[in-house]
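**Q** sequence and predicted structure below; questions after.
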Amino acid sequence: MKITIRPENKSDYRTISMVTDMAFGREEEGKLIENLRKNRKFIKDLSLVACMGSEIVGHILFTPILIKHEDKIFNSLALAPVSVIPELQSLGIGSQLIQKGLAKAKKLGHESVIVLGHENYYPRFGFLPASKYRITAPFEVPDNVFMAIELVKNTLQNVHGCVAYPKEFNEV
């Protein structure tokens with residue numbers, strides 16, 4: 001199966017929302033993407049679609065976040081959401097989106113990514129519990145599902161604090 005991955009464009013917006021809503025079985029995730037696009041810190045090049053031919057079958061979004069501790073602030077990215085239409089899940093499309101997305105984020109100069117996700121899925125890409133870096137979530141969450149990855153070696157070595165998500169994450 002030939003999959004191409006590219007940045008989204010305006011004509012993709014409705015399809016991305018539909019694919020995401022199908023993947024999650026609800027409309028909140030598609031609405032989150034729509035709201036995050038309106039944020040002035042939105043990075044168009046980190047909203048990627050997976051295509052089979054001309055059909056969009058998956059999407060991934062990386063959003064700027066902050067890790068705060070007292071008067072120190074560190075920039076990072078949140079990976080959320082990643083989606084693939086249900087009938088094509090478990091075929092490696094999500095993995096391709098994550099790999100290409102992480103590579104693109106690194107190429108653009110980003111140094112780390114935080115994800116809240118499945119404990120058996122994300123470690124295959126190099127994600128480790130964020131607690132290893134003394135990074136916490138702003139809400140109660142099991143340690144094994146709140147993870148971080150360094151895109152640049154040792155970039156999180158001296159970083160610790162609580163993740164601050166954009167307000168759009170609280171609106172859905």
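**A** Good, I have the coordinates.
**Q** just the CA atoms of the lengthiest strand in the chain, as PDB, please.
**A** Looking across the chain with DSSP state E, the single longest strand is strand 55-69. Presented in PDB, the C-alpha positions along strand 55-69 are these (Å, rounded to 0.1, in the frame of the first residue of the first chain):
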ATOM      1  CA  GLU A  55      -7.800  10.300  -0.600                       C
ATOM      2  CA  ILE A  56      -6.900  11.400   2.900                       C
ATOM      3  CA  VAL A  57      -6.800   8.400   5.200                       C
ATOM      4  CA  GLY A  58      -5.000   9.700   8.300                       C
ATOM      5  CA  HIS A  59      -3.800  12.900  10.000                       C
ATOM      6  CA  ILE A  60      -1.300  13.900  12.700                       C
ATOM      7  CA  LEU A  61      -0.900  17.200  14.500                       C
ATOM      8  CA  PHE A  62       1.900  18.600  16.600                       C
ATOM      9  CA  THR A  63       1.200  21.800  18.600                       C
ATOM     10  CA  PRO A  64       3.500  24.100  20.500                       C
ATOM     11  CA  ILE A  65       3.300  23.700  24.300                       C
ATOM     12  CA  LEU A  66       5.300  24.900  27.300                       C
ATOM     13  CA  ILE A  67       6.900  23.100  30.200                       C
ATOM     14  CA  LYS A  68       6.900  25.400  33.200                       C
ATOM     15  CA  HIS A  69       8.800  25.200  36.500                       C
END
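**Q** how far does that strand sit from its chain's centre?
**A** 3 Å (CA atoms, centre = their mean, to the nearest Å).
**Q** can you list the strands that it pairs with?
**A** Applying DSSP bridges to the sheet, strand 55-69 is found paired with strand 47-52 (antiparallel), strand 72-84 (antiparallel), strand 161-164 (antiparallel).
**Q** what's in contact with the first one?
**A** Put plainly, it is strand 47-52. 1-8, 12, 16, 33, 37, 56-62, 84, 88, 93, 96-97, 100-101, 104 (CB atoms under 8 Å, 6 or more residues apart in numbering). All C-beta atoms are positioned from the backbone trio N, CA, C, and that covers glycine.
**Q** thanks again, I'm all set now.
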